[in-house]
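J.: Got a sequence here, can you model it:
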Amino acid sequence: MTEETIIAVYDSVDHAEAAKRDLTAAGVPPGAISQHADAGSLADGTSTGAPREQGFWSRLFGGEPDHDTAVYDRSLAGGSTVLSVKVPDEHVTAVSDILERHNPVDIDERASTYGLASGTRAETYAAPATPAVTPVAAPGLNAGRTTAPAAGETIQLAEEQLVVGRRAINRGTTRVRRFVVETPVEEQVTLHDEAVRVDRQPVTDGRAVSGEAFTDKAIEMTETGEEAVVGKTTRVREEVSLRKEAVDRLETVRDTVRREDVEIEHVPGETPVDRKI
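T.: I've put the predicted structure just below:
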C-alpha cells in the first residue's frame, strides 16, 4: 500500500481548523494530519521550528518534491496555514474533497499572483512508494485510484443510498384561555300590589246607633305590594378541552444520490514498422 501526502493552503486559520475537524470525523487518524503556520506549529501543539528551514518540505514529503515550494513559503510568510495529510492512495479523492469544502487557496492562481511558475498542482504530492505507517481505514473514504492498478488489483465503485429518517418538530401551540364577557339582558316580571281604598256609603234605613256612639275609634288596613328582586344563578354552559388527533400523511422526499462508474478504454500498443535493409 502506497501513501500520498495531500497539501492544502488556507488563508483563514478557522477554515484550516474546520477542515481538520472534518478529516478526523471522517476517520483520518490525527497523527496523519499536520498543521503548519509561519511559527511551525503542528496539529498536536508541538513545534518543528520555522517551516522554511532547509529541507523542511523534503522531510514533509518524504523525499525531494518535484514541484516548486516557493508558493508555500510565500503563503506561510503572508500568514496562511498549510494543512498536510498523509493517506493511502485509495483515499486521496475523498480526503481532497473534504479539504476542498473549506475554501483552500488555488495554488496555480497564487503562484501567478507571486509571479512564480507552477508546473504541477501543488495541493497533492505523491510520496515515494513506502509502506503506510498508519493507514486510514475510515468508512466513506473509498475513492478510486488515479494510477493504473497492478495485475490482480481491483477498483472499488461506491454508491450512495437514500436513507430517510424522521424527527419531531414543534408546529405551534394551541392555547384555550377563559375570560369574562358581560352582556346586558332584560326580562319582564308581573308584580302584585294591594292598595287601601276608603268607601263611604250613606245609611237610609233608620238603623239605630250602637252603644259606641260619640266615642273615639280607629280602624286601619295595611297596603301591600311586590317589587322585583334580582338574583343570579350559575350553571355550566359548555365544556372545552384539548386533545391530540393523530394524522398520518404521506410525503415524498426527493434528493440525489451518487455512484461511481468506470470508463474502460483500450490503449493500443505500438505498431511494428517494417524496415528494409
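
J.: helix or strand right after the helix or strand containing residue 93?
T.: Using DSSP states H and E, residue 93 sits within helix 92-100. Using DSSP H and E, the next helix or strand after helix 92-100 towards the C-terminus is helix 107-114.

J.: Residue 86 in helix, strand or coil?
T.: strand (DSSP: H, G, I helix; E, B strand; the rest coil).

J.: burial measure for it, as a count.
T.: Per other Cβ atoms under 10 Å, the neighbour tally for residue 86 reads 24. (Each C-beta comes from the backbone N, C-alpha and C, glycine too.)

J.: Quick check, it in contact with residue 23.
T.: No: assessed by Cβ atoms under 8 Å, residue 86 is found out of contact with residue 23, at 11.2 Å.

J.: Which secondary structure elements does the helix holding residue 93 sit against?
T.: strand 3-10, helix 13-25, strand 81-88 (3 or more Cβ pairs under 8 Å, 6 or more residues apart in numbering; DSSP states H and E).

J.: in the second one, what's buried?
T.: By that I understand helix 13-25. 15, 16, 17, 18, 19, 20, 22, 23 (16 or more other Cβ atoms under 10 Å).

J.: So what angle separates the directions of that helix and helix 92-100?
T.: Interaxial angle of helix 13-25 relative to helix 92-100 (axes from the mean of the first three to the mean of the last three Cα atoms, to 10 degrees): 150 degrees.

J.: could you point out which element follows helix 13-25?
T.: strand 33-36.

J.: where in the chain is pLDDT low?
T.: For the chain, applying pLDDT under 70 flags the ranges 1, 39-68, 116-152, 271-277.

J.: mind checking how far the spatially most distant residue from the centre of the chain is from residue 200?
T.: The centre of the chain is farthest from one residue, residue 206, which by Cα atoms, centre = their mean lies 119.1 Å away. For residue 206, the distance to residue 200 (Cβ to Cβ, to the nearest Å) stands at 19 Å.
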